[in-house]
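# Pasting a predicted model and its sequence here:
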Amino acid sequence: MSHDYAAIVSTLIVALLTIGTVQLVSLLKRWSVMVRGLYQEGYEARHRITEALKTGQSPDAEDFEKLNIVRPGRWLFRVAITLGPYVAAAVWAVACVVLLDVQISVLRWAGADKPGMDPELARKAYRTVVVCGSLMAAEGLLRACVIGFGYIVRGHRDHRAAFTAAERHAFFRSVHGYRRDYRVSRRRQSNPEPPTPADAA
């Protein structure tokens, strides 16, 4: 390993550490806000259910759903958003620790009086930079896909809650009809009919 290679590796590691630290802090902040909101919602629902039972009234069904104990899907979703960020944060933390360890080794090598070639350290630094850089890129793509899928699921759920089945079917029929008419009009524009002799005259 040469001093030029050590400088390049150090620059890349510092950049990856900066990105990883910012992403880790941002991820933990978003996760804490989301989980705090869920638990606050569950606490308020539990309070309303208790007050309703105390006064002899029937609790609202929506409050039971907010507790995430009636519908297994909602409970699993709550577990996923609770544990998922922990896993992602752990991956980011491990990547930062590995990068920091390699950076310290490179600095120790560069600070020696007569550093040797140390090909093992060069290979370790190369593998670490490639793996951690690929991991960070993959995490960004995966997070974008998850956010996009979440918007799709949320929009579908809101549409189902706002309209009846008959209204939703009428909506999809109108969309299909519009697309069919649009394709027909596009084909007519791309393949215009030849003029008839009467039109030419």
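The structure has been received and is ready for your questions. Numbers count the residues shown, from 1 in each chain.
# Which of the helices or strands spans the spatially most central residue of the chain?
Nearest to the mean C-alpha position of the chain, counting by Cα atoms, centre = their mean, stands R143 at 2.5 Å. Using DSSP states H and E, R143 maps to helix 119-162.
# what's that helix packed up against?
In terms of contacts (3 or more Cβ pairs under 8 Å, 6 or more residues apart in numbering; DSSP states H and E), helix 119-162 is packed against helix 3-54, helix 72-110. C-beta coordinates here come from the backbone N, C-alpha and C atoms, glycine included.
# Among these, which comes closest to G155?
helix 72-110 (16.2 Å; Cβ to Cβ).
# For that closest one, the averaged confidence score.
Averaged across helix 72-110, pLDDT comes to 75.
# pLDDT weak spots in this protein?
The chain contains residues with pLDDT under 70 at 65-86, 192-201.
# picking that back up, which helix or strand lies directly C-terminal to the helix holding R143?
helix 165-190.
# and the angle from that next one to helix 119-162?
110 degrees (axes from the mean of the first three to the mean of the last three Cα atoms, to 10 degrees).
# centre of the chain versus helix 165-190, how much separation?
In terms of Cα atoms, centre = their mean, to the nearest Å, the centre of helix 165-190 is set 32 Å apart from its chain centre.
# next one: stretch 57-64
Using Cα atoms, centre = their mean, the offset of stretch 57-64 from its chain centre is 33 Å.
# can you list contacts of that stretch?
Contacts with stretch 57-64, where a contact means Cβ atoms under 8 Å, 6 or more residues apart in numbering, come from A45, R46, R48, I49, A52, L53, V70.
# and with 10 Å instead?
For stretch 57-64, the external contacting residues (Cβ atoms under 10 Å, 6 or more residues apart in numbering) are 41-42, 44-53, 66, 70-71.
# just stretch 7-22 next, same as before
Against stretch 7-22 from outside (Cβ under 10 Å, 6+ apart): 1-2, 91-100, 102-104, 106-107, 110, 121-122, 124-126, 128-130, 132-133, 135-137, 139-140.
# now that stretch, how far from the centre of its chain.
With Cα atoms, centre = their mean as the basis, stretch 7-22 stands 23 Å off its chain's centre.
# from the contacts of stretch 57-64, which two are the most distant?
Most distant of the contacts of stretch 57-64, by Cβ to Cβ, are E51 and R71, 22.7 Å apart.
# closest one to R187 among the helices and strands packed on helix 119-162?
helix 72-110 (43.6 Å).
# isn't V98 right next to G133, touching?
No. Shown here, V98 and G133 do not form a contact pair, counting by Cβ atoms under 10 Å, at 11.9 Å.
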